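Participant: Sequence below, structure please.
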Amino acid sequence: MLVITVQTGSLGGPAGSAGSLGWAGRRHDDDRPDASSGTSSAELFDAVFHALHDGEQVALGFDCPLTLPVSADQGAAAAQADADELVRQAEPTATRPGITELAHLLGQLGTWRPWTTVSTSLSRWKANTSILVWEAVPGEGSATVAPSAAADSFFRRLQTGSEPGTEAAAGTVVNLAAATARRAGLFVDGSELARPAVSITVTGG
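Facilitator: Numbers count the residues shown, from 1 in each chain. The predicted structure follows:
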C-alpha cells in the first residue's frame, strides 16, 4: 500500500501549466518520513503507475476540496440526475489547482491502465480497489498539510475502520474526484458522484 499526499499549494504558475508539483508518500511498512517524493506530475504518475503495476493499492490525498456543495435546487436535481449530468455539473471546477493535476494523472492512467478502478470511499477501496482519492484537510490552526503527518493520519483512520467524510446526504454535493475519474475513462461507482469524497483531518507532524 502506497499513501501519497499532493501539496497543491506548491503548484507553480497558473493551473494547467508545467509548474512544480510537490508530493510525497510512503508505504505502510516503511517508517521513513516521505520515503518517496517528487516535484512534478510526471514523477507522480511514475510512482502511482509502478505501484499499481506491482499490485499495490494507492491512496492519493489532495489538500484541496474534492467535494462541491450544491444548492437545494441543484441537490434535488442531482438526486434525479444520471451520472453524465453529475459529471457535467463538476466541469466548471476542472481548472482548479489540484483538480487539474488529478485530471492529468487519471487521464494518463486512462491511457496506460484503462482497467484501473478509482474510488473516493474508504470501504470500497478496502475491497481491493486500485486507487483511493481522498481529501487531506489541514488540522485546526494549520494552513498546510505535511505529507508525513497526512500519511500517519491516513493509517490511523484506516485502522479504525470508520468511513469519514460521508455525513452529507446523497444529492447535496457533487464529488469532484469521482467526476474527474469518470471523465478520464476510468471505472468509478456511479453512486459516488453524488456523495462526498472521503476526507481525513491531518493531525500531528
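Participant: host element of residue 107?
Facilitator: helix 99-112 (DSSP states H and E).
Participant: For the following helix or strand past that helix, give the mean pLDDT please.
Facilitator: Downstream of helix 99-112, the first helix or strand assigned by DSSP H and E is strand 118-119. For strand 118-119, mean pLDDT rounds to 96.
Participant: by contact count, what packs against strand 118-119?
Facilitator: strand 131-138, helix 176-183 (3 or more CB pairs under 8 Å, 6 or more residues apart in numbering; DSSP states H and E). Every C-beta, even on glycine, is put in place using the N, C-alpha and C of the backbone.
Participant: Any idea which of the ones you listed gets closest to residue 88?
Facilitator: helix 176-183 (8.6 Å; CB to CB).
Participant: moving C-terminal of the closest one, what's the next helix or strand?
Facilitator: That would be, after helix 176-183 and using DSSP H and E, strand 199-202.
Participant: Output that next one as PDB, nothing but the C-alphas.
Facilitator: Coordinates of each C-alpha in strand 199-202 appear next as PDB, following Å, rounded to 0.1, in the frame of the first residue of the first chain:
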ATOM      1  CA  SER A 199     -11.900  13.400   4.000                       C
ATOM      2  CA  ILE A 200      -9.300  13.000   6.700                       C
ATOM      3  CA  THR A 201      -8.200  15.700   9.100                       C
ATOM      4  CA  VAL A 202      -4.400  15.700   9.300                       C
END
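Participant: Which other helices and strands does that strand contact?
Facilitator: By 3+ CB pairs under 8 Å, 6+ apart, strand 199-202 packs against strand 131-138, helix 147-160.
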